[in-house]
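Q: Just a sequence and a predicted model for now, questions to come.
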2 protein chains.
Amino acid sequence: MYRDKIKVLDCTIRDGGLINNHDFDHRFVRAVYKAISEAGVDYMEMGYKNTKRLFSPKEYGAWKFCDDDEIKRIIDGIESDTKISVMVDVDRVDIEDVKPAKESPVDMIRTASYVKDIDKAIYMVNHFAEKGYETTINIMAISRDMGPELDEALRQIEEESKVNVVYIVDSFGALYQEPVEYLVKKARVILKTREVGFHGHNHQQLAFGNTIEAIIHDANYLDGTIYGIGRAAGNCPLELLIGFLKNPKFDIRPILDLISKEFIPLRNKIEWGYIIPYAISGMMNEHPKAAMALRKSEKKENYKEFYESLNSGLD
Amino acid sequence: MYRDKIKVLDCTIRDGGLINNHDFDHRFVRAVYKAISEAGVDYMEMGYKNTKRLFSPKEYGAWKFCDDDEIKRIIDGIESDTKISVMVDVDRVDIEDVKPAKESPVDMIRTASYVKDIDKAIYMVNHFAEKGYETTINIMAISRDMGPELDEALRQIEEESKVNVVYIVDSFGALYQEPVEYLVKKARVILKTREVGFHGHNHQQLAFGNTIEAIIHDANYLDGTIYGIGRAAGNCPLELLIGFLKNPKFDIRPILDLISKEFIPLRNKIEWGYIIPYAISGMMNEHPKAAMALRKSEKKENYKEFYESLNSGLD
């Protein structure tokens, strides 16, 4: 599946950071950056750019804030063509504090937004674009918002924003192939002058399959994480995506090596992947927070009761 | 996704048996049969019906042979509408020893065959059909055999056999959605008077997604296993398939409960699931036997070297 326009973004440290308070150490992040660079992946996302007014550096690691100086320490001395991305959430970033792109190691700023916040997202994105960054809007929890408000949001983005890419984000791991086809086709029709991206979650083991589905319908920006690390069930495994894409610029071997050396040991310390309560959340189109709480309780393996509790919540 | 013609077959004990020499004990198999029955699954496959001339009962458990009396002991006293299936391999069964269906607890015999052995498979299937069994032909390793020989085999099956269902079997976990679409559509065109089935393997986390793809293109017989147990990366997780199909006859809860009680402990004893050497085998359209050997060696986590060794084998 070779298509020159396809760009792969690794969000290992950013989405993986959601399960360890963004507290990956310097050595680990450098090892990831080196492997991603050697593999020829187009972008690497380092974390969130949150304001320290809302989140304390005592509670969170460096990748909750992504200070330019921290990023510079990571990339220093490593040969790379990989661009650097950071994510911002609506209402959680001081946009005035973001330096112009030419003074920053960051190439792209991705704004995560629900459909309801799209006006704010457009305002932010236009601000970042004026500062010289590549920009994306990542529409979160889209499986809960597939009606006319989504159409309106996409039209607004096309008409009012300077954004480069709009991502469909299956935050709840609830989408099957047919909804992915529906959403990507819809986005391609409305967003005539933008690229479309896809970010899957793996609650139902569909993150990779849905990413392929998005590729088939002409999404060109694709997210993955090494060994699928990420919140709850995690994301589309980058190694599978690289294995599928036949673009000769990619080399899977540095990723495989890093999984052996870093991610197998890490998986023994923190949990992600195919775990039944996350699968249930996906089936029911629910945020995984109830399942995440369950996994920290004594009832972590009590799947039937959890299923029934989510069902009864629908009364 | 409700379609009345869809039938789900659980092959937990049969495909799972490939990783424990078919040696599940009586209590465990009864627990699976009870849960499968309560869940409303259409078929449960107990194992292989191999001749004891080729395989020793000292080396293998009961589900390598599937004697009628063993099956009767499992199902005795459990209320169930679930039909019983067994699998046979070409050249490994004494077909004359198979009793007429009305004297047996078995409802369906599935014949596993490579494309090259299709004449033998048709002979066997016709024999079983004459004895009153429902029959299938499961075309194994189909990702290696997608050319004109497959077309010819499908035409022969349509013209010469009494088979009810022909399964596309992605033995190597190598198929992506587009080849699944191609194969199911081809089978539907040639097999005008038969049903089409799909059996996925999960090497690249695509068993469930590919099963959905097969459903979209009108495959009506679908295999799954509880918690995805099966050789190497395992199979399509039955719980995900039941969660996707909206047929009110299914109840996912007994499956969830059984995973909690039996399959989480079992997974700590025997290995299956998303494991990088199996993913590599899938990407390279290879039988997982090299990866299975690796997993039993000291180099079990040496993924990069394994990848390179498979690649060099292609010289």
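A: Structure received. Numbers count the residues shown, from 1 in each chain, chains lettered A, B, ... in the order given.

Q: Low-confidence regions, the stretch 101-250 of chain A specifically.
A: Counting by pLDDT under 70, not a single residue of the stretch 101-250 of chain A qualifies.

Q: Is any residue of whichever strand or helix holds residue A:13 near chain B?
A: For residue A:13, the element it lies in under DSSP states H and E is helix A:12-16. No - on the criterion CB under 8 Å from any CB of the partner chain, helix A:12-16 is out of touch with chain B, staying 15.4 Å away. (Glycine included, C-beta is placed from N, CA and C.)

Q: Also stretch A:139-148?
A: No - using CB under 8 Å from any CB, stretch A:139-148 stays clear of chain B, with a minimum separation of 14.0 Å.

Q: Residue A:29 contacts residue A:44, correct?
A: No - counting by CB atoms under 8 Å, residue A:29 stays clear of residue A:44, with 9.5 Å between them.

Q: what's the neighbour count on the residue lying closest to residue A:263 once chain neighbours are set aside?
A: With CB to CB, 6 or more residues apart in numbering or on different chains as the criterion, residue A:263 has its nearest non-adjacent residue at 4.1 Å, and that residue is residue A:227. Counted with other CB atoms under 10 Å in any protein chain shown, the neighbours of residue A:227 add up to 27.

Q: got any residues that touch both of residue A:29 and residue A:44?
A: Listed as contacting both residue A:29 and residue A:44 by CB atoms under 8 Å, 6 or more residues apart in numbering or on different chains are residue A:13.

Q: Residue A:26 and residue A:32: what is the separation?
A: 11 Å (CB to CB, to the nearest Å).

Q: quick one, which of the two is more surrounded?
A: Comparing residue A:26 with residue A:32 by other CB under 10 Å, the one with more neighbours is residue A:32, at 25 against 11.

Q: so which helix or strand takes in that one?
A: helix A:26-39.

Q: can you give me the mean pLDDT across that helix?
A: Averaging pLDDT along helix A:26-39 gives 98.

Q: That one: which residues count as buried?
A: A:28, A:29, A:30, A:31, A:32, A:33, A:34, A:35, A:36, A:37, A:38, A:39 (16 or more other CB atoms under 10 Å in any protein chain shown).

Q: which other residues reach it?
A: Under CB under 8 Å, 6+ apart, the answer for helix A:26-39 is A:10, A:12-13, A:24, A:44, A:46, A:63, A:73-75, A:78-82, A:226, A:242, A:250-255, A:257-258, A:261-262.

Q: Pull out the buried residues from these.
A: For those, buried by 16+ other CB under 10 Å: A:10, A:12-13, A:24, A:44, A:46, A:63, A:74-75, A:80, A:82, A:226, A:242, A:250, A:252-255, A:257-258, A:261-262.

Q: SS state for the residue of the stretch 101-250 of chain A found nearest chain B?
A: Using CB to the nearest CB, residue A:209 is the residue of the stretch 101-250 of chain A that sits closest to chain B, at 2.7 Å. Secondary structure, DSSP: H, G, I helix; E, B strand; the rest coil: residue A:209 is helix.

Q: Not including adjacent chain positions, what is the nearest residue to it?
A: residue B:209 (2.7 Å).

Q: show me the residues around that neighbour that make contact.
A: Contacts of residue B:209 by CB under 8 Å, 6+ apart are A:177, A:205, A:206, A:208, A:209, A:210, A:212, A:213, B:177.

Q: Could you list which residues are in contact with the first one?
A: Think residue A:177. Counting by CB under 8 Å, 6+ apart, residue A:177 makes contact with A:206, A:209, A:210, A:213, B:177, B:209, B:212, B:213, B:216.

Q: For it, what are phi and psi?
A: Here is the backbone geometry of residue A:177 (degrees, to the nearest 10): phi -60, psi -40.

Q: and the stretch 201-315 of chain A, which residues reach chain B?
A: Residues of the stretch 201-315 of chain A lying near chain B by CB under 8 Å from any CB: A:202, A:204-210, A:212-213, A:216, A:227-228, A:237, A:239-240, A:243-244, A:252-253, A:256-257, A:259-260, A:264, A:273-274, A:276, A:279-280, A:283, A:301-304, A:307-308.

Q: Which secondary structure elements does the helix or strand hosting residue A:222 sit against?
A: Assigned by DSSP H and E, residue A:222 falls within strand A:221-224. The contact analysis (3 or more CB pairs under 8 Å, 6 or more residues apart in numbering or on different chains; DSSP states H and E) places strand A:221-224 against strand A:7-10, strand A:165-169, strand A:195-199, helix A:207-216, helix A:238-244.

Q: Can you say which of those is nearest to residue A:268?
A: helix A:238-244 (18.7 Å; CB to CB).

Q: Figure out how far the closest one is from the centre of its chain.
A: The chain centre lies 16 Å from the centre of helix A:238-244; the measure is CA atoms, centre = their mean, to the nearest Å.

Q: where along chain A do the helices fall?
A: Ranges of helices within chain A are A:12-16, A:26-39, A:68-75, A:118-130, A:148-160, A:177-190, A:207-216, A:238-244, A:253-258, A:264-267, A:276-283, A:289-295, A:303-312, based on DSSP state H.

Q: so which of these gets nearest residue B:144?
A: Using CB to CB, these put helix A:238-244 closest to residue B:144, at 17.6 Å.

Q: sorry, back to before: between the contacts of residue A:177, which is nearest residue A:67?
A: Nearest to residue A:67 out of the contacts of residue A:177 is residue A:210 (CB to CB; 33.7 Å).

Q: roughly how far apart are the closest residue to residue A:73 other than its chain neighbours and chain B?
A: Spatial nearest neighbour of residue A:73, chain neighbours left out: residue A:26 (6.7 Å); criterion: CB to CB, 6+ apart. According to CB to the nearest CB, to the nearest Å, residue A:26 and chain B sit 24 Å apart.

Q: Many thanks, we can stop here.
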